[in-house]
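Peer 1: 3D model of this:
(chains A and B)
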Number of protein chains: 2
Amino acid sequence: VKASDLGEFGLIARIAAVAGKGASEDLVAGIGDDAAVWLTGGEYAVATTDTMVAGVHFRPGLSPWWDVGWKALAVNISDIAAMGGWPRFALVTLCLPPDTAVEDVEALYEGLQSAARICGGVTIAGGDTVRSAEFGITVAVIGRADQRDDEPLILRRSGARVGDVIAVTGHLGDAAAGLRRLDAGADTDDPLVRAHLLPRPQLAAGAIAAANGLRCAIDVSDGLLQDLGHICEASGVGAVVRGPDIPLSAGLLAAYPEEALELACTGGEDYQLVLTGPEHLVRDTLQEADLEDAAVIGEVAEDPSHAVRLLDEHGRDITFGRPGWDAFRS
Amino acid sequence: VKASDLGEFGLIARIAAVAGKGASEDLVAGIGDDAAVWLTGGEYAVATTDTMVAGVHFRPGLSPWWDVGWKALAVNISDIAAMGGWPRFALVTLCLPPDTAVEDVEALYEGLQSAARICGGVTIAGGDTVRSAEFGITVAVIGRADQRDDEPLILRRSGARVGDVIAVTGHLGDAAAGLRRLDAGADTDDPLVRAHLLPRPQLAAGAIAAANGLRCAIDVSDGLLQDLGHICEASGVGAVVRGPDIPLSAGLLAAYPEEALELACTGGEDYQLVLTGPEHLVRDTLQEADLEDAAVIGEVAEDPSHAVRLLDEHGRDITFGRPGWDAFRS
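Peer 2: Numbering: from 1, shown residues only, chains lettered A, B, ... in the order given. Okay, here's the model as predicted:
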């Protein structure tokens, strides 16, 4: 059996069966959430890691090195945000072909350093540099979660309950549209291309959600329908999303009027948060976080098949060819 | 300027100039030590990351996948040991070609899991799996250091002082000899090959050294002379090593009688610790850690050029062609 036969999520299930054995009782959240959470010294640590490989996760020659650095850190910070935590320190590993220009590496680190400063005040504390045939960057971010009554205030994929509303923190689809435009030769100043290259993690929204008592979130990295599907599976529920309520930017609608909804639902890499919870808590959170493009887009429903249904303005089901990104199949 | 022109350590210096800016005042040790150390919630966290790339750090087809998993975690735990800390949680990132056999991935995780259980009781808490053209594994380990009077008990490269003795915790050269034999077709049961494939991090020695008040260590990953050179540069001292006092295994001497000393001095990957400190504290540490192959091999000396001198039995200098491993030049 090959990795590509199982797909990313089948492979992760096989890995978890081996790697999850004998975990410390201090581990609160492990494999299968956006970040791991453990108790140490009376504090809850939140830790995650994400990799970008040239040609798979970005376009060498099209994506500026500064932007690759920004994004490599930002996507990790987004995972911390999706747990309701705060990032503090980062470890950065570079896999470099020996003929890589040092100036490109410096530009990459300038981007990393800018994301570190702007997104939560992260310190780059160490890492590793190794030789490889292809360029890759792996970042690990370690942070913390607040606590109340000795319990961590965190958001988990398993926290959705029937009757919860489902919200997103901002526009979806811009990043996928931007990647398409980048491939088609658009400038890196194009607003959609910028959404693809320079995602902004929703740190404040995640932390406010956790402080307000919400218990469930995920960040949209692989596509709304697929990422919401992870919540449904982990929580043992289904979801109903109203397509017309999904927030779409004017730029996306102008550039891809026919495909805007599909890009928003399956495109991924917007790094908005999907939140679920009681309606008043969700609406309070969106308001406190001052998110002008956020929207309530659906409800959590009882569904033994844990499906995510997408409905049009007449309440009819919409389906797309693929739900989102799979590392080994896409 | 290319990475291969600067070499690994020149590149790291350039990276540190960018990435080291604006560090949190909670950061105790950052880029340039075996692991990072920071203060969080009244506790000192110790964190490190290391990568193994197929064809660079191990021999695909010759190194069993189980052993690759063991080593990927063990080398990180060795970095924690070199700081005098204790490992607790690991994040594991796999870069996989899509046609990788899932059974190989499971064997890799069995090895990781065994190292996790045996070397300090580590919990695999999460990670990432991505597609790439070549296989690579990046592990990050987060642990903790003890403290006394609000100060962390840690070992740093900058802690060597003139007059300190220099000790190693066990045999050197076996791993380099084992790699040579593996390439020549030796079985993976060969004791030297096992030293290469399945290193044992010196966790107890590091922690006992830190508790005994020692302040300086490094693990031998790139070669004794080169790694000791990092101590000399960070501490602003020189070192004198007596070749005949370097502990060599009977197996190494039998297999490579003429080259044993060179393999021990420049080979790397033994993951023994080099410790420096006042002689009585160093000898107490070696005895308490019950290290039968450990030895005091030299002294820290005043030397504005921060050189590492290697002397033969007559006190004459010995030099070798290269001091050790450089990621971008070796």
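Peer 1: mind listing the strands for chain A?
Peer 2: Taking DSSP state E, the strands of chain A run over residues A:27-29, A:36-40, A:43-53, A:86-96, A:123-131, A:136-145, A:147-148, A:151-152, A:165-168, A:216-219, A:238-242, A:273-277, A:295-301, A:308-311.
Peer 1: winner for burial among the ones you listed?
Peer 2: Among these, the stretch with the highest mean neighbour count (mean count of other Cβ atoms under 10 Å in any protein chain shown) is strand A:273-277, at a mean of 30. Any C-beta I mention is one placed from the backbone N, CA and C, and that applies to glycine too.
Peer 1: mind giving me the packing neighbours of it?
Peer 2: strand A:165-168, helix A:203-211, strand A:216-219, helix A:224-235, helix A:279-288 (3 or more Cβ pairs under 8 Å, 6 or more residues apart in numbering or on different chains; DSSP states H and E).
Peer 1: give me every residue that touches the nearest residue to residue A:76 once chain neighbours are set aside.
Peer 2: Nearest residue to residue A:76, sequence neighbours excluded (Cβ to Cβ, 6 or more residues apart in numbering or on different chains): residue A:141, at 4.2 Å. Going by Cβ atoms under 8 Å, 6 or more residues apart in numbering or on different chains, residue A:141 touches A:47, A:48, A:49, A:73, A:76, A:77, A:79, A:80, A:87, A:89, A:90, A:122.
Peer 1: pretty sure the second one contacts residue A:91?
Peer 2: Spelled out, it's residue A:48. No. Between residue A:48 and residue A:91 there is no contact under Cβ atoms under 8 Å: 11.3 Å.
Peer 1: spit out the residues that contact the two alike.
Peer 2: Here residue A:48 and residue A:91 have residue A:140 as joint contacts, going by Cβ under 8 Å, 6+ apart.
Peer 1: rewinding a little: select, out of the helices and strands packed on strand A:273-277, the one closest to residue A:2.
Peer 2: Proximity to residue A:2 (Cβ to Cβ) singles out helix A:224-235 among the helices and strands packed on strand A:273-277, at 21.2 Å.
Peer 1: run the chain-centre distance for the closest one.
Peer 2: Chain-centre distance of helix A:224-235: 12 Å, with Cα atoms, centre = their mean, to the nearest Å.
Peer 1: pLDDT on that helix, on average?
Peer 2: The average pLDDT for helix A:224-235 rounds to 97.
Peer 1: give me the distance between the residue most central in space within chain A and residue B:280.
Peer 2: Central residue of chain A (Cα atoms, centre = their mean): residue A:219, 3.3 Å from the mean position. Separation of residue A:219 from residue B:280 (Cβ to Cβ, to the nearest Å): 55 Å.
Peer 1: check the gap between the residue nearest to residue A:94 when sequence neighbours are not counted and residue A:83 for me.
Peer 2: The shortest distance from residue A:94 to any non-neighbouring residue, by Cβ to Cβ, 6+ apart, is to residue A:129 (4.8 Å). Applying Cβ to Cβ, the value for residue A:129 to residue A:83 is 29 Å.
Peer 1: isn't the residue nearest to the centre of chain A right up against residue A:80?
Peer 2: No. Contact criterion Cβ under 8 Å: residue A:219 and residue A:80 do not qualify, at 9.4 Å.
Peer 1: name the residues contacting each of these two.
Peer 2: Residues touching both residue A:219 and residue A:80 (Cβ under 8 Å, 6+ apart) are A:34, A:201.
Peer 1: list the contacts for the residue nearest to residue A:199 when sequence neighbours are not counted?
Peer 2: Excluding the flanking residues, the one nearest residue A:199 by Cβ to Cβ, 6+ apart is residue A:271, at 4.1 Å. Residues near residue A:271 by Cβ under 8 Å, 6+ apart: A:74, A:75, A:78, A:175, A:199, A:200, A:201, A:202, A:219, A:220, A:221.
Peer 1: rewinding a little: mind checking pLDDT for the residue nearest to the centre of chain A?
Peer 2: So residue A:219 comes in at 97 (pLDDT).
Peer 1: could you give the bridge partners of it?
Peer 2: Beta-bridge pairing for residue A:219 (DSSP bridges): residue A:273.
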